[in-house]
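> sharing a model prediction with you, sequence too.
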Number of protein chains: 2
Amino acid sequence: MESAAARRTRRRKTPTRAAPPPRAPFILRKLATMNVLAEDGLALIEENAERILAETGMEFHGDPEILEIFAGAGCDVDGARVRFAPGFCRRTIQATAPRVFTQHARNPANSVQIGGDATVLCPSWGPPFVRDMDRGRRYAEYADFVQLVKLHQTLPWLHHSGGVVCEPVDLPANKRHLDMLYAHIRWSDRAFMGAFIGAERAGHAIDMARILFGAEYVAQNPVLYCVSNTNAPLVMDSHMSGALKTYARAGQPVACTPWVLTGAMSPCTVAGTLAQVLAEALATLSLVQLVAPGAPCLMGSFASTMSMKSGAPTFGTPEAGLMVLAAGQLARRLGVPLHTVGTLSASKLPDAQSQQEAAWGLLMSMFAGANVINHATGWLEGGLVTGFEKTMLDHDLCGKVARFFDGIDLSENAQAMAAIAATGPGQHFLGSEHTQANFMDALFRPLTPDDNSFEQWEAEGGLDAATQANALWKAQLEGYADPGLDPAIDAALQDYIARRKAEQPDMAYF
Amino acid sequence: MESAAARRTRRRKTPTRAAPPPRAPFILRKLATMNVLAEDGLALIEENAERILAETGMEFHGDPEILEIFAGAGCDVDGARVRFAPGFCRRTIQATAPRVFTQHARNPANSVQIGGDATVLCPSWGPPFVRDMDRGRRYAEYADFVQLVKLHQTLPWLHHSGGVVCEPVDLPANKRHLDMLYAHIRWSDRAFMGAFIGAERAGHAIDMARILFGAEYVAQNPVLYCVSNTNAPLVMDSHMSGALKTYARAGQPVACTPWVLTGAMSPCTVAGTLAQVLAEALATLSLVQLVAPGAPCLMGSFASTMSMKSGAPTFGTPEAGLMVLAAGQLARRLGVPLHTVGTLSASKLPDAQSQQEAAWGLLMSMFAGANVINHATGWLEGGLVTGFEKTMLDHDLCGKVARFFDGIDLSENAQAMAAIAATGPGQHFLGSEHTQANFMDALFRPLTPDDNSFEQWEAEGGLDAATQANALWKAQLEGYADPGLDPAIDAALQDYIARRKAEQPDMAYF
């Protein structure tokens, strides 16, 4: 139940959102990326990755077609193990992979550029639990999923509707991808991601995209997005490779994303992890290009760290920052966009830890020049929980980085030389004509921070940031506007889903 | 009173601190700074600053000697207003200001390099209140001051004992600087700051430094540090200029730090604020060099933003980040070290807001290549409060940036190529020889984050980060080790303080 204090906050905050800030469909970075490795360091990591691919190689489990594809391309195939001649993967990728492409949304104003100086921020992906301050931590249900899709549709500084914004465990595990896709299509008009486990579900996503966009349009344009994880170290299984091949052949983007927990799934050092991540990315990206030359793809990097004391995953760490920045440099040298992760946290609550880790993670990925940042909102407990309050706190970070990477306005108006001369020593600028003309847009205004005086803050209930964010996400949802959907398309989608669901019995687990 | 949950946490956390991590006296950055302005942008800001100095000029209130000094150097003096020929200040500074120097601590292992690639992190400065979770928010007293000095002395990732870590309002305003200086000297063996308001108090700080280090040593070596703020826009008063001259003549470092609230004390734009900040820094730095050619000095920048809705100061904002990064570039071109600010927050509590703003602020100042970062721990409520729990949370950020700016180890051990080859696809690295040999030091371990599973965290009380930090600062204080002080020096200091105190009646307020 909403507390009296929360109600007060909501009332107080509501006017802020009466005129929502203008929305950019993605960030176009005007600032340079940050480099953490010099030429010799980059060459060393690249050389080590090639050595790993040539000497150890990578295994592809349960998918004989892939082994044939690699053998046909001249690779050394031994059982499930594929070894690659030095330079083979890089040449294969660079020959045909696009440097930049557009993922189209059903509302063209929401289409996103992927690659170059563009960054696209996406919601949390994958958590089986949700948390909010009213109902606490609980298994995620489809109602939560729909609410999260709607919430993100209202958020100005997010760019993408995402994929598994939470895992709706009240639906059969083998069918819920259909309901999730439907929710993105029906309740959001932003770009969204496809089902990512197995060729069959990927095919469903493509079918549904064809119903929405038309088959011809889908054949010509990226309209979905697949995250394809390796099983580090150096394995890809058929669930992932099946989806990878299906999306690639349909001309849909695949983010080849080694997921490692440094110290468990890769060496406990940054340089060792980077070489392994690059090796896995090279092998799987070359697979995309062999399967479908020219298919859009991204090098992914999701290199987390762990507590070497307890083995628990850790986030917002110095090493994770170094790894994503180096991955950005490696992706730019390879010539493909970078997919990575955002506001990750191991915290259980939307507390101080959660935002120290979130700010660290998102800033590092932005400085790395990441082109797609998954998990830019909501992630708690190392990915077990999507938090409603944390979504609002993280969303402010998304707005801040967008404004920051817009750089410094050097126009005559921004220089304000006349205002400085007119104001003069010891006076103030509050009443200056220049301030009056610029105060509405001059400084970025996030939604959650409480900048009031202590006395006013105390009089309004003395609420912490999480409690204020609780009122804010509800107010956002109250302001949700249904983007609508052509009834014929809606009916066709529902019919398609019903038929797919009827084809097989329900399964509780994947 | 300490709760049962807090006691449990403290017990659980205590082993972490049994073997404190090795301490570096300052950060030596191995990564490049981040640039937000290109050459033409930097030249534009510099040109605008020179125009401000030539056309509007700066006023020096209540200090006729300064007007004489500038007039003698050929500047245009009109009442309190001084106008500077284009290039005069820059030439004056560049002729004699050192690029790098050392501030010595009484324990030589704690001496800090100021300038070049070094960064020195200092505690909170100035708050009249303190806050902890046991006693809440309250006026700061001398007992809090001593506790904060002791706490910082135990923190491995802080480098400096600071100055007014809180304002002990239970002591007479005109005498408390003596007690504060004594606390730094007695309870810490790190470098500390001098009294910064007025020539008389600055003189006391220098006298006490002479008792501690010997007069000859102080004449030859920087052992104090003065932050000298302007009254923006374009004014310096005699309280600040008096201290500035006293420290400069004693060869002690002065950080000439325009403090602006963008939109009130400077134009509401980044480019306008930067030109004004640079103008004020150039004028006051040239004063340092005219008073005492070759005296160590820093360009300071403390450019905050404000809510254009309420007028309240705001922190962790995009514009503040852009301003500190540009200030870093401007300081490097000028050839003096940069002094700036760290983990600032407007939050009232050590909550999510406080750490989103803190992480943003500290990272931006680090990327700016700042050489001294004041307020790197504890600041809440826009500087009204030093928080004990926030000190611990911020301190982790200090450790993280230190490890991050150490860059990527590219040694053969860090490359871990043999470990990758020996482990092979689908296996794990937990038992690998390489992991066993490296796990103790491979990954940085901050003190506050809770990385436990949800179940373990819940069983241990389900505490948020602030509550865990509450137990941590108490455990740190329990581990405080008195660095000792030569009894003869101690007696001489106490005698000096007693004599100074006897010279004038107590004053409640400054």
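In hand now; what should we look at? Nothing here was measured: the structure is a model prediction, and the numbers come from that model. Residues are numbered from 1 along each chain as shown, chains lettered A, B, ... in the order given.

> ok and the residue in the stretch 101-250 of chain A nearest chain B?
As assessed by CB to the nearest CB, chain B sits closest to residue A:234 within the stretch 101-250 of chain A, at 3.8 Å. In this view, the C-beta of every residue, glycine as well, is placed from N, C-alpha and C.

> what does that residue show for phi and psi?
Main-chain dihedrals, residue A:234, degrees, to the nearest 10: phi 60, psi 40.

> was I right about it contacting residue A:57?
Yes: between residue A:234 and residue A:57 there is a contact under CB atoms under 8 Å: 7.3 Å.

> so for the two, which sits in the more crowded spot?
A count of neighbours by other CB atoms under 10 Å in any protein chain shown puts residue A:234 above the other of residue A:234 and residue A:57, at 27 against 23.

> can you tell me how far that one sits from residue A:381?
28 Å (CB to CB, to the nearest Å).

> and what of residue A:281?
With CB to CB as the criterion, residue A:281 and residue A:381 are 27 Å apart.

> which of those two has more neighbours?
Regarding residue A:281 and residue A:381, a neighbour count based on other CB under 10 Å identifies residue A:281 as having more, with 30 against 24.

> could you look up the SS state of the more buried one?
Counting by DSSP: H, G, I helix; E, B strand; the rest coil, the backbone at residue A:281 sits in helix.

> the closest residue to it other than its chain neighbours: what's it in contact with?
In this structure, residue A:281 finds its nearest non-sequential neighbour in residue A:299, 4.6 Å apart by CB to CB, 6 or more residues apart in numbering or on different chains. By CB atoms under 8 Å, 6 or more residues apart in numbering or on different chains, the residues touching residue A:299 are A:255, A:256, A:281, A:285, A:327, A:330, A:331, A:334, A:336, A:337, A:338, A:339.

> quick check: which element contains the last one?
I take that to be residue A:339. When elements are defined using DSSP states H and E, residue A:339 is found to belong to strand A:338-341.

> how about the second one?
Mapping residue A:256 onto the secondary structure by DSSP H and E places it in strand A:254-257.

> need the residues that contact that strand.
When contacts are defined by CB under 8 Å, 6+ apart, strand A:254-257 is touched by residues A:225-230, A:244, A:247-248, A:280-281, A:284-285, A:287-288, A:295-302, A:339, A:372.

> average pLDDT for the strand holding residue A:339, rounded please.
In this model, strand A:338-341 has a mean pLDDT of 98.

> other SSEs contacting that strand?
strand A:297-300, helix A:318-334, helix A:352-367, strand A:372-374 (3 or more CB pairs under 8 Å, 6 or more residues apart in numbering or on different chains; DSSP states H and E).

> what mean pLDDT does the helix or strand containing residue A:471 have?
The secondary structure element spanning residue A:471 is helix A:465-478 (assigned by DSSP H and E). Over the span of helix A:465-478, the pLDDT mean works out to 98.

> got any ranges where the stretch 1-150 of chain A has weak pLDDT?
Regions of the stretch 1-150 of chain A meeting the criterion pLDDT under 70 cover residues A:1-22.

> closest point of it to chain B, which residue?
residue A:59 (4.2 Å).

> so that residue, which state does it fall into?
Counting by three-state DSSP, the three-state call for residue A:59 is strand.

> would you double-check that residue A:204 falls in a helix?
Yes: looking at residue A:204 with three-state DSSP, it is inside a helix.

> wouldn't it be in contact with residue A:179 here?
No: counting by CB under 8 Å, no contact exists between residue A:204 and residue A:179, whose distance comes to 11.1 Å.

> more neighbours: which of those two?
Higher neighbour count among residue A:204 and residue A:179: residue A:204, with 21 against 16, using other CB under 10 Å.

> residue A:47: which element?
Assigned by DSSP H and E, residue A:47 belongs to helix A:39-51.

> and for residue A:120?
When secondary structure is defined by DSSP H and E, residue A:120 falls within strand A:118-121.

> who touches that strand?
Outside strand A:118-121, the residues that reach it (CB under 8 Å, 6+ apart) are A:26-29, A:100, A:103, A:112-114, A:157-160, A:191, A:342, A:366, A:369-373, A:376-377, A:398, A:405.

> just the buried members of the residues you listed?
Neighbour counting with 16 or more other CB atoms under 10 Å in any protein chain shown marks A:26-27, A:29, A:103, A:112-114, A:157-160, A:191, A:342, A:366, A:369-373, A:376-377, A:398, A:405 as buried within the contacts of strand A:118-121.

> sitting in strands, which of these do you find?
Cross-referencing these against strands under DSSP state E gives A:27, A:103, A:112, A:113, A:114, A:372, A:373.

> how about the first one: what's its closest non-neighbour residue?
Leaving out its chain neighbours, the residue that sits closest to residue A:27 by CB to CB, 6+ apart is residue A:119, at 4.2 Å.

> in contact with residue A:328, which residues are there?
Residues counted as contacts of residue A:328 (CB under 8 Å, 6+ apart) are A:33, A:338, A:340, A:367, A:368, A:369, A:370.

> any idea how far it is from residue B:482?
Residue A:328 is 47 Å from residue B:482, by CB to CB.

> wait, doesn't residue A:325 sit right on residue A:34?
Yes: the pair residue A:325 and residue A:34 passes the contact test of CB under 8 Å, sitting 5.9 Å apart.

> and these two? which has more neighbours close in?
A direct count of neighbours by other CB under 10 Å for residue A:325 and residue A:34 places residue A:325 higher, at 25 against 21.

> for the more buried one, give me its contacts.
A:34, A:35, A:36, A:364, A:367, A:368.

> write a ChimeraX command that selects only the buried members of the residues you listed.
Below is the selection syntax for ChimeraX that covers the buried ones among the contacts of residue A:325, with 16+ other CB under 10 Å defining burial:
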select /A:34,35,36,364,367,368
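
> of all the contacts of residue A:325, which comes closest to residue B:476?
The shortest separation between residue B:476 and any of these is 28.0 Å, and it belongs to residue A:364 (by CB to CB).

> so who does that closest one touch?
With contacts taken as CB under 8 Å, 6+ apart, residue A:364 has the following neighbours: A:320, A:321, A:324, A:325.

> helix, strand, or coil at the closest residue to the first one other than its chain neighbours?
Closest residue to residue A:320 in three dimensions, ignoring its sequence neighbours and counting by CB to CB, 6+ apart: residue A:305, at 5.4 Å. Residue A:305 falls in the strand class when you classify it by three-state DSSP.

> neighbours of residue A:305, how many?
Neighbouring residues of residue A:305 were enumerated by other CB under 10 Å; the total is 28.

> ok, what's across the strand from it?
Taking DSSP bridges as the rule, residue A:305 bridges to residue A:314.

> contacting residues around residue A:272?
Contacts were defined as CB under 8 Å, 6+ apart; by that measure residue A:272 touches A:266, B:414, B:415, B:416, B:417, B:419, B:420, B:434.

> in this structure the fifth one contacts residue A:48, no?
Yes: assessed by CB under 8 Å, residue B:417 is found in contact with residue A:48 at 5.9 Å.

> shared neighbours, these two?
Where contact means CB under 8 Å, 6+ apart, the residues bridging residue B:417 and residue A:48 through contact with each are residue A:275.

> tell me which helix or strand residue A:130 sits in.
With elements delineated by DSSP H and E, residue A:130 resides in strand A:129-132, which encompasses its position.

> can you give me the distance of residue A:397 to residue A:363?
Counting by CB to CB, the gap from residue A:397 to residue A:363 is 8 Å.

> hmm, I was thinking of residue A:208
The spacing between residue A:208 and residue A:363, counted by CB to CB, is 36 Å.
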